[in-house]
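**Q** turn this into a structure:
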Amino acid sequence: MKVKYALLYLILLSILMAVYISVFTHARSINATIRGVNFQLGTQHINNVQPEKVSIKGSLSKSLNGSRTFKGSITFEHDSIPVPKESLETIIHFEKNGYGPIVYGYIENSGTKDAQPKTFSNGVLFANSDFSSVTYLPRGGWNGEDGLMFAGPATTRKQAIIISNELMEKFLQRVDTGDGPHVLN
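**A** Below you'll find the predicted structure:
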């Protein structure tokens, strides 16, 4: 009788684990349009703020260890990138400290004898769990003192900095220097 209950318990436990794993790792649809601002860090650049809108469409999945992967498109209203339209889908693997590099892979001169594989790195994205709040660091030369960035939803630089500090909290930890956390301003 004990063997029968133990077997029943193991079967029930296996079913519950399978359901948990499938729910936890199931990809969910992301379709967000976020109005925010492009802004520059540093007190001397306080007036360098422009409205911007980003559209994020795709799916988000988690692995069993909690790593997030986004597959889809990220399009800024006032920014174009040198990637063919048919190759604008990207896969973003978010790191443990919250950021995910945006990289596009495509074939230049596709269908010709001069065809070559290419990649284009388009910055780094930070996003909360449902992609309703994002911070974006554009490609090329960002730094914490005067870097250009986008954050939303926001209508002011102050709101954008608050969102960026929240989303970038783990990234901004100064573990390597022992100085404690860095805060954007």
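
**Q** pLDDT below threshold where in this structure?
**A** Within the chain, the segments meeting pLDDT under 70 span 19, 21-25, 140-146, 174-182.

**Q** which residues in it form helices?
**A** 2-25, 157-167 (DSSP state H).

**Q** of all these, which one is nearest residue 47?
**A** Closest approach to residue 47 among these (C-beta to C-beta): helix 157-167, 8.4 Å. For glycine as for every other residue, the C-beta is placed from the backbone atoms N, C-alpha and C.

**Q** return the set of buried residues in that closest one.
**A** For helix 157-167, burial by neighbour count (16 or more other C-beta atoms under 10 Å) applies to 157, 159, 160, 161, 163, 164, 165, 167.

**Q** and stretch 27-40, by the same measure?
**A** 30, 32, 34, 36, 37, 38, 39, 40.

**Q** and the second one, what are its bridge partners?
**A** On the basis of DSSP bridges, residue 32 takes part in beta bridges with residue 56.

**Q** pretty sure it contacts residue 56?
**A** Yes - at 4.7 Å, residue 32 counts as touching residue 56 under the criterion of C-beta atoms under 8 Å.

**Q** overlap in contacts of those two?
**A** residue 131 (C-beta atoms under 8 Å, 6 or more residues apart in numbering).

**Q** please enumerate the strands of this protein.
**A** 28-40, 49-62, 68-76, 90-93, 99-108, 116-127, 134-137, 148-152, 173-174, 180-181 (DSSP state E).

**Q** do you know which of the ones you listed lies nearest residue 6?
**A** Closest to residue 6 of the strands of the chain, according to C-beta to C-beta: strand 49-62, at 31.8 Å.
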